[in-house]
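Asks: Sharing a model that was predicted from the sequence below.
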Amino acid sequence: MNISIARGIAWALAATAAYVGLWAMAWPHSFFTSFPGFGQSWVAPLGPFNEHLVRDVGGLYVALLVFSGWAAVKGDPGVLRVLGWAWLAFGLPHLAFHATHRHGFSIVEWSASLAPLTFTALGAAILVLLRSNGSATAGHPTPKKEKIR
């Protein structure tokens, strides 16, 4: 994988964070009752409305938006790896929660809610696998450079 693909993943993560974060921060009740949009409601079935919590989650996503955008612009493999770790630190527990809480959702709604969380985790994992030269490690050690004398 080259650095352009990694930067594209960072931009995709930024777009995800912008959609969720800005909506949750600016219109928390609408987010609670209507997220992800398109006639669906994936938050309200999970508990009572809490404006503080919804705005805080929005703030978390906006922080990830800022980091994702900066990492995409910077294009540094080390920064992109750290971005991947940050998304995994948030995204894996988030995915695990939703994977184990189907109550109130049809199988179609539940599956649809897991898809973006799964793709986010996969994108983050790809970033974690970047080597310093911008390629993916795929489990192989980074070759050592020989010194020229």
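Replies: Everything's here; your move.
Asks: alpha carbons only for contacts and neighbour counts from here, please
Replies: Fine.
Asks: which residues sit against the one helix or strand Leu114 maps to?
Replies: Assigned by DSSP states H and E, Leu114 falls within helix 107-128. Residues outside helix 107-128 that contact it (CA atoms under 8 Å, 6 or more residues apart in numbering) are 6, 9, 13, 42, 80-85, 87-88, 91-92, 94-95, 98-99, 102, 136.
Asks: Now restrict the residues you listed to buried residues only.
Replies: Among these, those classed as buried by 16 or more other CA atoms under 10 Å are 6, 9, 13, 42, 80-85, 87-88, 91-92, 95, 98, 102, 136.
Asks: tell me the phi and psi of Gly104?
Replies: As for Gly104, its main-chain torsions (degrees, to the nearest 10) stand at phi 90, psi 0.
Asks: which residues touch it?
Replies: Listed by CA under 8 Å, 6+ apart, the contact set of Gly104 reads 45-46.
Asks: at 6 Å what do you get?
Replies: For Gly104, the set of contacting residues under the criterion of CA atoms under 6 Å, 6 or more residues apart in numbering consists of Pro45.
Asks: Distance of it relative to Gly39?
Replies: Distance of Gly104 to Gly39, given as CA to CA, to the nearest Å: 15 Å.
Asks: mind showing which ranges of this structure have poor pLDDT?
Replies: Within the chain, the ranges that satisfy pLDDT under 70 run 1, 132-149.
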